[in-house]
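Engineer: would you be able to build a 3D model of this:
(one chain, ligands or ions: 2)
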Amino acid sequence: MKRTPFIAVEGPIGAGKTTLASMLAERIKLPIIKEIVEENPFIDKFYRNMDDWSFQLEMFFLCNRYKQLKETASEYINQGKPVISDYHIYKNLIFSNRTLSGIEREKYRQIYHVLTDDLPKPNIIFYIKASLDTLQQRIAKRGRTFEDGMDPGYLQQLIEDYDAAMADLATREPSTVIIAIDGNAVDFVENKKQFEEIVSQLKEHME
Ligand SMILES: Nc1ncnc2c1ncn2[C@@H]1O[C@H](COP(=O)(O)OP(=O)(O)O)[C@@H](O)[C@H]1O
Ligand SMILES: Nc1nc2c(ncn2[C@H]2C[C@H](O)[C@@H](COP(=O)(O)O)O2)c(=O)[nH]1
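Structural biologist: Numbering: from 1, shown residues only. Ligands and ions are numbered 1, 2, ... in the order given. Below you'll find the predicted structure:
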């Protein structure tokens, strides 16, 4: 049975997820679901003291994305309408695996699965990989004050965690299309030919 294309763009902080998802939505005339960021009331406190604020931050992201995913399912996927998003809800497990620990991490994982296991997940994923230096340059360019002075070790660990998570996803969900993009070599913002190559890949998998 033909699946309704549910496209996600993923990758570590500053990789270019929102930029690429927005460009593809415009180019292919797709509705786009964007993650909230600044609306998370704990994000400033989190970056100042991760241990004290990680649970509240992760729960806020999870509850917000659970609501978004339910709406995406009812308004698009369950009606056979393709949609694109600048995140995969799986990112909640990627981040929380690092920011939470002990019983709180276990409770969070159980809540994540109770909330999301019965909801549709992206079946086409663009995974933007980039070096620490590239991510740091783009984070600085974006200029969110709460990301100033982000611990390079946190970001490097996230790079490694994303690689492991995408490999795990490919094993667990062999029918999910995962297209890796080398964010250091491919500049889909400035290089139109490279962007159109991504567009062609997407159209090929949407047919
Ligand atoms: N391929 C690219 N080349 C240069 N700058 C980029 C590229 N992709 C994104 N950017 C810039 O990097 C910053 C982060 O991009 P964004 O899409 O917000 O990343 P993410 O959503 O992954 O956090 C933004 O200022 C954006 O304009
Ligand atoms: N600890 C978590 N942080 C998260 C999560 N989702 C987003 N974020 C942070 C990371 C960035 O500072 C900012 C935006 O994320 P981008 O990857 O879009 O740049 O919000 C999360 O689930 N947990």
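Engineer: which ones are touching the residue of the chain found nearest ligand 2?
Structural biologist: Proximity to ligand 2, evaluated over the chain using C-beta to the nearest ligand atom, is greatest for F95 at 3.3 Å. In this view, the C-beta of every residue, glycine as well, is placed from N, C-alpha and C. When contacts are counted by C-beta atoms under 8 Å, 6 or more residues apart in numbering, F95 touches E58, F61, L158.
Engineer: any idea how far T145 is from the second one?
Structural biologist: It stands for F61. According to C-beta to C-beta, to the nearest Å, F61 and T145 sit 19 Å apart.
Engineer: and those two? which has more neighbours close in?
Structural biologist: Between F61 and T145, F61 has the larger neighbour count (other C-beta atoms under 10 Å), namely 22 against 8.
Engineer: how about the residue nearest the centre of the chain, secondary structure?
Structural biologist: In the chain, the centroid-proximal residue (C-alpha atoms, centre = their mean) is Y87; its distance is 2.9 Å. What DSSP: H, G, I helix; E, B strand; the rest coil gives for Y87 is coil.
Engineer: was I right about E10 contacting K91?
Structural biologist: Yes: counting by C-beta atoms under 8 Å, K91 is a contact partner of E10 at 6.6 Å.
Engineer: the more surrounded of these two?
Structural biologist: Taking neighbours as other C-beta under 10 Å, E10 and K91 compare with E10 leading, 25 against 20.
Engineer: what pLDDT does the more buried one get?
Structural biologist: E10 carries a pLDDT value of 98.
Engineer: can you check R27 too?
Structural biologist: The model's pLDDT for R27 equals 98.
Engineer: residues contacting V177?
Structural biologist: Here V177 is in contact with N123, I124, I125, H205 (C-beta under 8 Å, 6+ apart).
Engineer: so where does the last one fall, helix or strand?
Structural biologist: Spelled out, it's H205. Take DSSP states H and E as the rule and H205 turns out to sit in helix 192-206.
Engineer: one more: the third one?
Structural biologist: Assignment of secondary structure by DSSP H and E places I125 within strand 124-129.
Engineer: now do the buried residues in the lengthiest helix in the chain.
Structural biologist: Ranked by residue count under DSSP state H, the longest helix found in the chain is helix 50-75. Within helix 50-75, the residues that count as buried by 16 or more other C-beta atoms under 10 Å are 53-55, 57-62, 65-66, 68-69, 72-73.
Engineer: cool, and stretch 157-169?
Structural biologist: Under 16+ other C-beta under 10 Å, the buried positions of stretch 157-169 are L158, I159, D161, Y162, A165, M166, L169.
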